[in-house]
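K.L.:
Got a predicted structure plus its sequence, pasted below:
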Amino acid sequence: MISEHVDVLVIGAGPSGAVAASLLHQKGIKVKVVERTHFPRFVIGESLIPRCMDHFDEAGFVEEVEAKGFEKKFGARFLRGSEVCWFDFSQKFSKGWNWTWQLPRADFDKTLTDVLQRRGVDIAFGTTVENVVFNGTDSLTTVSDEAGNRREIHARFLIDCSGYGRVLPRLLDLDAPSSFPPMAATFVHVDDVRRPSGEEGTMITFDILDQKVWFWVIPFSDGRSSLGLVCPKEHLEALDQGNNADTFRHIIRQSDYYRARFDELEFLFEPKKIVSYAKAVKKLYGTGYALTGNSAEFLDPVFSSGVCFATESGALSAKLAIRQLAGEVVDWEHEYEEHMLWGVDVFRSYIRDWYSGDLQKFIFHPEVNEDVRRKVCSVLAGYVWDKENPFVKKHDRAVRAVTHLLP
């Protein structure tokens, strides 16, 4: 069996793996990335938030991604019947980026890996991880390609960026039950041929159909749009029209705002459906490895936190691995797990308040002052580690405390 030796093995070439690999490569670390699929490939998570841009900038991706002309996202619009609320990222409390992208992930992820390969990063596509054995911080990973050829990769550290593949949680029995009730999502792409001109046609929108039921519209720069519904699992079952396409057409007709724009358009693929998507793990790290992104925790798509957690954890795990490889003693509990779980808990609070109705009342209430909105806007922009923001520091009660004072 062929063997190779690297400093760091990264499993998965999505945004988390790409950011981690780039930062490692910048520091002269010998890194190898293994990816089960071939790019481009479809994946959900098409709406980014500004905190991601800090990581893409540090990893050296922004200029080349911007050249692709992806749709820029400057905020988010929320609809509820005749009520409309717009959060402008330039009006947030925290310092940081005021824009990001909304984009087809197949094209975006391929852009990142193309950049990495041009810079000399070794990426093995079509490669599946079969087993991992740890000997202290060193690991021996057995992989196979599509022809069935197997090889062993010796690494001094391993970063699992496998997303929903959840390689190490599966192999090391790290999965844990999520604290969220089972939710479901169904989604599709369309050629948005009735798209209005200007900002109205390109802004990302969350259309609230019921307190726990919302419809997303994410326009892309190439004329396509991503449409999706998120709701309790039982609600999606009740909408079933016998097949996924008819069910999704029925869903579109529930939106008074978007019915005319999207009704009867052909779907670019059979609508996809995921159920009980929230994920959790017992630990985010162990001796010789770290879990990042969806391979660790996934909450809910409502505030587009997935790629933010992926890039935050990909960047941080790479930086800590660099220090550890240089001989430093790294406190992974404090510097990695506690940091990441703080952000997870902040978003968890806001997602809880969203589905309870408190945050929706806050969003649409005309008497919430602009300073408070700026602080909530920072959370929606992904700056959930800025503890100077009281709506971050007191995330478990801040929204409810304000909402309960509103008439």
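P.N.:
That came through fine. These numbers come from a predicted model, not from an experiment.

K.L.:
contacting residues for residue 239?
P.N.:
Neighbour list for residue 239: 247, 250, 251 [criterion: Cβ atoms under 8 Å, 6 or more residues apart in numbering]. The C-beta positions use only the backbone N, C-alpha and C, and glycine is treated the same way.

K.L.:
If you could redo that for residue 230, that was the one I meant.
P.N.:
So residue 230 contacts 183, 184, 185, 213, 214, 216, 300, 301, 302 (Cβ under 8 Å, 6+ apart).

K.L.:
Would you mind checking which of the residues you listed is nearest to residue 262?
P.N.:
Lowest distance from residue 262 to the contacts of residue 230 (Cβ to Cβ) belongs to residue 216, with 11.9 Å.

K.L.:
and the host helix or strand of that closest one, what other elements does it pack with?
P.N.:
For residue 216, the host element (DSSP states H and E) is strand 213-219. Packed against strand 213-219 by the contact rule (3 or more Cβ pairs under 8 Å, 6 or more residues apart in numbering; DSSP states H and E) you find strand 205-210, strand 224-232.

K.L.:
in stretch 283-295, what's buried?
P.N.:
283, 284, 285, 286, 288, 289, 290, 291, 292, 293, 294, 295 (16 or more other Cβ atoms under 10 Å).

K.L.:
so residue 256, which of the three states?
P.N.:
For residue 256, the assignment made with DSSP: H, G, I helix; E, B strand; the rest coil gives coil.

K.L.:
Could you tell me which ranges of this structure sit under the pLDDT cut-off?
P.N.:
Nowhere does the chain drop to pLDDT under 70.

K.L.:
List just the one of the helices and strands packed on strand 213-219 that sits closest to residue 46.
P.N.:
That would be, of the helices and strands packed on strand 213-219 and by Cβ to Cβ, strand 224-232, which comes in at 5.1 Å.

K.L.:
what's the following helix or strand after the closest one?
P.N.:
Going down the chain from strand 224-232, the next helix or strand is helix 233-239, by DSSP H and E.

K.L.:
which of the residues in the next helix or strand after that following helix are buried?
P.N.:
With elements assigned by DSSP H and E, the helix or strand that comes after helix 233-239 is helix 244-252. By neighbour count on 16+ other Cβ under 10 Å, the buried set for helix 244-252 is 244, 247, 248, 249, 251, 252.

K.L.:
about what we covered before: may I see the contacts of residue 230 organised as CSV, with distance to residue 308 and neighbour count added?
P.N.:
Formatted as CSV, the contacts of residue 230 follow (distance: Cβ to Cβ, whole Å; neighbours: other Cβ atoms under 10 Å):
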residue, distance to residue 308, neighbour count
183, 19, 24
184, 22, 19
185, 18, 19
213, 24, 18
214, 19, 24
216, 16, 21
300, 13, 22
301, 12, 23
302, 13, 17
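
K.L.:
What is the nearest of the residues you listed to residue 58?
P.N.:
residue 301 (25.1 Å).

K.L.:
Is the nearest residue to the closest one once chain neighbours are set aside bridged to anything, and to what?
P.N.:
Take residue 301 and drop its neighbours on the chain: the residue closest to it by Cβ to Cβ, 6 or more residues apart in numbering is residue 230, 6.0 Å away. Residue 230 has these beta-bridge partners by DSSP bridges: residue 185, residue 214.

K.L.:
How about residue 139?
P.N.:
Under the criterion used (DSSP bridges), residue 139 bridges to residue 134, residue 155.

K.L.:
Quickly note the distance from it to residue 198.
P.N.:
52 Å (Cβ to Cβ, to the nearest Å).

K.L.:
what's near enough to touch the residue lying closest to residue 168 once chain neighbours are set aside?
P.N.:
Leaving aside its sequence neighbours, residue 168 sits nearest to residue 160 (Cβ to Cβ, 6+ apart; 4.3 Å). Residues in contact with residue 160 (Cβ under 8 Å, 6+ apart) are 11, 12, 167, 168, 169, 289, 290, 291, 292, 295.

K.L.:
let's see it at 10 Å
P.N.:
Counting by Cβ atoms under 10 Å, 6 or more residues apart in numbering, residue 160 touches 9-12, 16-17, 129, 132, 166-169, 171-172, 174, 284-285, 289-293, 295-296, 317.

K.L.:
on that earlier part again, so for residue 139 and residue 198, which residue has more residues nearby?
P.N.:
residue 139 (21 against 8; other Cβ atoms under 10 Å).

K.L.:
got the contact list for that one?
P.N.:
Residue 139 sits in contact with 8-9, 132-133, 153-158, 168, 287-289, where contact means Cβ under 10 Å, 6+ apart.

K.L.:
Now list the buried members of the residues you listed.
P.N.:
8, 9, 132, 153, 155, 156, 157, 158, 168, 288, 289.

K.L.:
hey, where'd the strands end up in the stretch 301-407 of the chain?
P.N.:
When secondary structure is read from DSSP state E, counting those that start in this stretch, the stretch 301-407 of the chain shows no strands.

K.L.:
What are the boundaries of the helices in it?
P.N.:
305-325, 332, 339-356, 358-364, 370-380, 390-393, 398-403 (DSSP state H, counting those that start in this stretch).

K.L.:
Now the first one - C-alpha only, CSV.
P.N.:
By that I understand helix 305-325. The C-alpha trace of helix 305-325 is given here as CSV (Å, rounded to 0.1, in the frame of the first residue of the first chain):
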residue,chain,number,x,y,z
SER,A,305,-24.7,30.8,10.1
GLY,A,306,-23.4,27.5,8.6
VAL,A,307,-20.6,28.8,6.4
CYS,A,308,-19.7,31.4,9.1
PHE,A,309,-19.0,28.6,11.6
ALA,A,310,-17.2,26.6,8.9
THR,A,311,-14.8,29.3,8.0
GLU,A,312,-14.3,30.5,11.6
SER,A,313,-13.5,27.0,12.8
GLY,A,314,-11.4,26.2,9.7
ALA,A,315,-9.3,29.3,10.2
LEU,A,316,-8.9,28.9,14.0
SER,A,317,-8.1,25.2,13.8
ALA,A,318,-5.4,25.8,11.2
LYS,A,319,-3.8,28.6,13.3
LEU,A,320,-3.8,26.5,16.4
ALA,A,321,-2.4,23.5,14.5
ILE,A,322,0.4,25.7,13.2
ARG,A,323,1.4,26.7,16.7
GLN,A,324,1.2,23.1,18.0
LEU,A,325,3.4,21.8,15.1
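
K.L.:
Go through that helix and flag the buried ones.
P.N.:
305-322, 324-325.
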